[in-house]
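Novice: Kindly generate the corresponding structure for this input.
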Amino acid sequence: MKIIGVDLDSTLNNLDAVWLERYNKDYGDNLTKADMISWDVTHYVKPECGKKMYDYLREPGFFRNLGIQPHAAEVMSFLHEYFEVYIVSSSHPNVVADKWAWVEKHLPFIDYHHFVPLHHKHRFEMDYLIDDGPHNFDRFKGTGILIDMPYNQHLRSKYKRCTDWLDVKDYFQTLIRKEERW
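Specialist: Reported below is the predicted structural model:
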């Protein structure tokens with residue numbers, strides 16, 4: 001059975017929306033996801049915030065209370081029927097339990113053995129990786145499926161790009177149909 005690794009932050013959950021909402025409230029700004037056209041968020045926040053932007057990500061409970069991307073749960077359930085699915089998430093040690101609690105709540109069919117807190121995702125052997133972070137594909141040997149974000153637009157043709165979770169489902173349904181013909 002083929003293995004799919006799926007990123008958690010901003011791919012499955014709505015980290016980007018909640019993170020920016022907190023920042024905008026605390027710093028009186030109106031930064032949007034569309035404003036961030038490169039990976040490093042510190043280039044876009046006010047100077048007085050800077051690297052403190054990452055402090056939100058270490059707060060107990062922050063990840064536990066995030067929402068889920070539209071259609072992500074139903075598509076993950078579909079993928080789970082046909083593939084071995086793992087959640088691979090770069091995680092600070094302080095937030096691993098919160099991230100697992102999020103997975104339990106939103107994707108209860110994912111076994112805890114299939115939750116892998118891992119920064120260097122290329123070291124986990126998988127056939128496909130669904131992720132929004134272009135750097136995660138640099139040394140990845142499988143097929144990269146890039147979730148469309150303003151900060152990864154410069155990679156137009158390098159990876160399979162999916163605009164949302166329904167697009168992800170369409171991609172894998174096509175693969176399944178091709179395999180069934182062989």
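
Novice: only C-alpha atoms for contact and neighbour calcs from this point on.
Specialist: Fine.

Novice: Break the chain into its domains for me.
Specialist: Here the domain parsing of the chain from automatic domain parsing is 3-13+67-181, 15-58.

Novice: Of the ones you listed, flag the one that's most buried.
Specialist: Across these, the average number of neighbours (mean count of other CA atoms under 10 Å) peaks for domain 3-13+67-181, which reaches a mean of 17.

Novice: Start and end of that one, how far apart?
Specialist: For domain 3-13+67-181, the separation between the terminal residues is 20 Å (CA to CA, to the nearest Å).

Novice: any idea how far that domain is from the chain center?
Specialist: The chain centre lies 6 Å from the centre of domain 3-13+67-181; the measure is CA atoms, centre = their mean, to the nearest Å.

Novice: Could I get the average pLDDT for that domain?
Specialist: For domain 3-13+67-181, mean pLDDT rounds to 95.

Novice: which residues of this protein fall in helices?
Specialist: Secondary structure of the chain (DSSP state H): helices at 15-27, 72-82, 96-106, 165-181.

Novice: which other residues reach the third one?
Specialist: Under the criterion CA atoms under 8 Å, 6 or more residues apart in numbering, residues 60-66, 68, 73, 110, 112, 115, 117 lie in contact with helix 96-106.

Novice: re the thing from before, I'd like to know which of the helices of the chain lies nearest to Gly133.
Specialist: Evaluated over those, closeness to Gly133 peaks at helix 15-27, with 12.3 Å, by CA to CA.

Novice: packing partners for the closest one?
Specialist: With contacts defined as 3 or more CA pairs under 8 Å, 6 or more residues apart in numbering; DSSP states H and E, helix 15-27 has no helix or strand neighbours.
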